[in-house]
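Colleague: after the sequence you'll find the predicted model.
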Amino acid sequence: KNQVEQSPQSLIILEGKNCTLQCNYTVSPFSNLRWYKQDTGRGPVSLTIMTFSENTKSNGRYTATLDADTKQSSLHITASQLSDSASYICVVSPQRNRLAFGKGNQVVVIP
Amino acid sequence: DAMVIQNPRYQVTQFGKPVTLSCSQTLNHNVMYWYQQKSSQAPKLLFHYYDKDFNNEADTPDNFQSRRPNTSFCFLDIRSPGLGDAAMYLCATSREGGGTDTQYFGPGTRLTVL
């Protein structure tokens, strides 16, 4: 069974600080990995997508990394803002149709 | 511009009273998905349509049905909602449905069952 584990489950950070979210997966074969941002009460929005050959991908203050050998990914948020408060979901695509979702990292940014 | 639209955003129903959730898309994508997401849980795929072909997940209860009358619209019907069906229901679309395709999510419908 494909598994996507995210840590920490939740964290609180001060506005302006950086944070890193972790995603470990056992999905195989592997096609690509995405990070989605889900605001409370909203649908997920894609932040980054990486194939197995890519090591890093940035989207503004968000930088995702991927180590396909160890099956680990991270999402780094730089200079956090209050609007970064959300759940960040790691989603891994096998080469077939189904997506494997993590439960998300709940981030709360406080002033 | 809205791409995946879900109505209503909030739905309250009574135990056992049928309810229909609506999703529409302006992307002209072939594939439409319905997910159930409970609090602090990952979205769980219920079923998806590739064009008119319906694909049900093996563990989706019979209580959940879906209709796709045309490319743009897809409906989720819950025939007899139970308390355990209270959740956020997410609709998503993708162009072709392969593993490399990005899924675009709607804002979700929050279902409350009284």
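Modeller: Received, thanks. Numbers count the residues shown, from 1 in each chain, chains lettered A, B, ... in the order given.
Colleague: setting aside sequence neighbours, what's the nearest residue to B:Asp51?
Modeller: Of all residues beyond its chain neighbours, the one nearest B:Asp51 is B:Asn30 (5.3 Å), with distances taken as Cβ to Cβ, 6 or more residues apart in numbering or on different chains. The way it works is simple: take the backbone N, C-alpha and C, and place the C-beta from them, glycine included.
Colleague: quick one: name the residues of chain A near chain B.
Modeller: The interface of chain A toward chain B, taken as Cβ under 8 Å from any Cβ of the partner chain, is made up of A:4, A:31-32, A:34, A:36, A:41-46, A:49, A:51, A:89, A:93-99, A:101-104, A:106.
Colleague: next, the distance between the ends of stretch B:97-104.
Modeller: 11 Å (Cα to Cα, to the nearest Å).
Colleague: which other residues reach it?
Modeller: Counting contacts by Cβ atoms under 8 Å, 6 or more residues apart in numbering or on different chains, the residues outside stretch B:97-104 that touch it are A:31-32, A:34, A:46, A:49, A:51, A:93-97, A:99, B:3-4, B:25, B:27, B:29-31, B:33, B:48, B:50, B:92-95.
Colleague: do stretch B:43-52 as well
Modeller: A:44, A:89, A:98-99, A:101, B:30-38, B:54-57, B:60, B:64, B:66, B:68, B:71, B:74, B:76, B:90, B:97.
Colleague: can you list the weak-confidence ranges in chain A?
Modeller: Within chain A, the set of residues satisfying pLDDT under 70 comprises A:1-2, A:95-97.
Colleague: hey, where'd the strands end up in it?
Modeller: Defined through DSSP state E, the strands belonging to chain A, from first to last, are A:4-7, A:10-14, A:19-25, A:32-38, A:45-51, A:56-59, A:62-67, A:72-77, A:86-93, A:100-101, A:105-110.
Colleague: quick one: list the elements packing against the shortest one.
Modeller: The elements that strand A:100-101 packs onto, with contact taken as 3 or more Cβ pairs under 8 Å, 6 or more residues apart in numbering or on different chains; DSSP states H and E, are strand A:86-93.
Colleague: neighbours of the residue nearest to B:Tyr89 when sequence neighbours are not counted, how many?
Modeller: Distances taken as Cβ to Cβ, 6+ apart place B:Thr109 nearest to B:Tyr89, at 4.9 Å, with adjacent residues excluded. Using other Cβ atoms under 10 Å in any protein chain shown, B:Thr109 has 22 neighbouring residues.
Colleague: so B:Thr109 is in contact with B:Ala86, correct?
Modeller: No. Using Cβ atoms under 8 Å as the test, B:Thr109 is too far from B:Ala86 to be in contact (11.5 Å).
Colleague: okay, now the unreliable bits of chain B?
Modeller: When residues are selected by pLDDT under 70, those of chain B lie in B:1-2, B:99.
Colleague: any idea which residue sits dead centre in it?
Modeller: The C-alpha lying nearest the average C-alpha coordinate of chain B belongs to B:Trp34 (Cα atoms, centre = their mean; 2.8 Å).
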